[in-house]
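*Asks:* coordinates only, sequence not included:
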């Protein structure tokens, strides 16, 4: 039949082997977690920029399509985008709460107005950032023409914003 040495080899893992594997998995998880969280936070900033740009572009298109003046309000404290009149932005947009919005567009509630030709009477820069990542994204709109630029913001993550620090994405 079987000898003692043959029976021992069929028992599986020892407690020491299991402990070593658990420690190795723990170390790998500890190293990977910050990278995954950083990736998630960068994704949230990029997604918020897409939401912002989509809302502004939709407002501009609706102004030209309807032949009326349309305005998008940017709630820097509430992280909401609303249209005025209501049909200028088909649906209000919500930017994630953990994203900070900073802008140099004047007003208690910063806004961008578009004429029936898609032109704007304001220029400005909007910066989106999160405390959980160093990544800052920016949106710049030109006076009159309504031409826009998006990019990575290289300026300070506090204080006033400037279009100078908005580096275009290629």
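*Replies:* Arrived safely, thanks for sending. The model shown is predicted, which means the values in this text are computed figures rather than measured ones. Residues are numbered from 1 along each chain as shown.

*Asks:* how many neighbours does the residue nearest to residue 148 when sequence neighbours are not counted have?
*Replies:* In space, and not counting its chain neighbours, residue 148 is closest to residue 141: 5.1 Å by CB to CB, 6 or more residues apart in numbering. In this view, the C-beta of every residue, glycine as well, is placed from N, C-alpha and C. By other CB atoms under 10 Å, 21 other residues sit near residue 141.

*Asks:* Report the distance from stretch 48-58 to the chain centre.
*Replies:* Distance of stretch 48-58 from its chain centroid, counting by CA atoms, centre = their mean, to the nearest Å, is 11 Å.

*Asks:* On the three-state scheme, the residue most central in space within the chain is what?
*Replies:* Geometric centre of the chain, nearest residue: residue 45, 1.8 Å, by CA atoms, centre = their mean. Three-state call for residue 45 (DSSP: H, G, I helix; E, B strand; the rest coil): helix.

*Asks:* what's the spacing between it and residue 158?
*Replies:* Plainly put, residue 45 is 16 Å away from residue 158 if you go by CB to CB, to the nearest Å.

*Asks:* Residue 55 too?
*Replies:* As judged by CB to CB, residue 55 and residue 158 stand 25 Å apart.

*Asks:* so where do the strands sit in this structure?
*Replies:* For the chain, the strands defined by DSSP state E cover 70-75, 80-84, 93-94, 99-103, 111-114, 124-130, 136-141, 148-153, 166-168.

*Asks:* how about these in TSV, adding distance to residue 26 and mean pLDDT?
*Replies:* Below are these laid out as TSV (distance: least, CB to CB, whole Å; pLDDT from 0 to 100):
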stretch	distance to residue 26	mean pLDDT
strand 70-75	43	95
strand 80-84	42	94
strand 93-94	38	96
strand 99-103	32	95
strand 111-114	50	94
strand 124-130	28	95
strand 136-141	34	95
strand 148-153	35	94
strand 166-168	39	91
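
*Asks:* Which stretch among these approaches residue 13 most closely?
*Replies:* For the strands of the chain, the distance to residue 13 is smallest for strand 124-130, at 42.8 Å, taking CB to CB.
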